[in-house]
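Novice: Dropping the sequence and predicted coords here.
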Amino acid sequence: MQPFQRLDSVAMPIDRANVDTDQILPARYLQKPRANDFGEYLFRDVRRLPDGREDPGFVLNRPEYRDARIVVAARNFACGSSREHAVWALYDHGFRAVVCSGFSDIFHANAIKNGLLPVVLPQPQVDALLAMLMREPGARVGVDLQACQVHFPDSSVVSFDIDPFARKCLLEGIDELAYTLGLRDRIEAFEAQNFHPQESM
């Protein structure tokens, strides 16, 4: 997992509420191995026309968003079933942060475990940011995890909250297992001090 400290990128607006995980990643791809590039399956059914060609009107296919690394989404993004694969699809496509007014607990946890930063802002601030991005396609947004700030295209700056442990893992590019393994010496010292083999009878 790559460390996340600060990202300045084109931001892609998804100005539609209740985009669920089945739209982000259709269920038929759930059996694919993690080694696959799940970015190929991102929004597979809604970004293509019936004949298989990319729909030029779908936001992900527009040229100004080809290099976007931040998603700014309307209310209730990634709702529905609790599939980690939706996070894989976003991450493998190149997205590193998603800004929304709230996420389901499972999507939020899956995002952090996979290096995708979920940024929660009040709905009025998300609405304002979406409006800016819709007016100026290709506008850039900055997400600073060290300072816990989002830099809007109009140069305004807003702060966000994140769990300190989640922030530490993302900043260092580690998951819960790697964090635990980093404490191995302390764990072994604690065990040596507090646990003793049972004396033979």
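Specialist: Right, received. Where do you want to start? Numbers count the residues shown, from 1 in each chain.
Novice: Please identify the helix or strand for residue 118.
Specialist: strand 117-120 (DSSP states H and E).
Novice: Show me what that strand is packed up against.
Specialist: Applying 3 or more Cβ pairs under 8 Å, 6 or more residues apart in numbering; DSSP states H and E, one finds that strand 117-120 contacts strand 97-100, helix 105-113. Every residue, glycine included, has its C-beta placed from N, CA and C.
Novice: What residues of the last one count as buried?
Specialist: If I follow you right, that is helix 105-113. For helix 105-113, the neighbour count (16 or more other Cβ atoms under 10 Å) marks 107-113 as buried.
Novice: and the residue nearest to residue 167 when sequence neighbours are not counted, how many neighbours?
Specialist: Leaving aside its sequence neighbours, residue 167 sits nearest to residue 145 (Cβ to Cβ, 6 or more residues apart in numbering; 6.4 Å). For residue 145, the tally of surrounding residues (other Cβ atoms under 10 Å) stands at 20.
Novice: next helix or strand past the lengthiest strand in the chain?
Specialist: If each strand of the chain is counted by residues according to DSSP state E, the longest one is strand 6-14. Sequence order places helix 21-24 as the next helix or strand after strand 6-14, per DSSP H and E.
Novice: In that next one, which residues are buried?
Specialist: Those buried within helix 21-24 under the rule 16+ other Cβ under 10 Å are 21, 23-24.
Novice: Off-centre distance for that helix?
Specialist: 14 Å (Cα atoms, centre = their mean, to the nearest Å).
Novice: Helix or strand with the lowest mean pLDDT in the protein?
Specialist: helix 176-181 (a mean of 51; mean pLDDT, DSSP states H and E).
Novice: wait, what's in contact with residue 80?
Specialist: Residue 80 is in contact with 20-22, counting by Cβ atoms under 8 Å, 6 or more residues apart in numbering.
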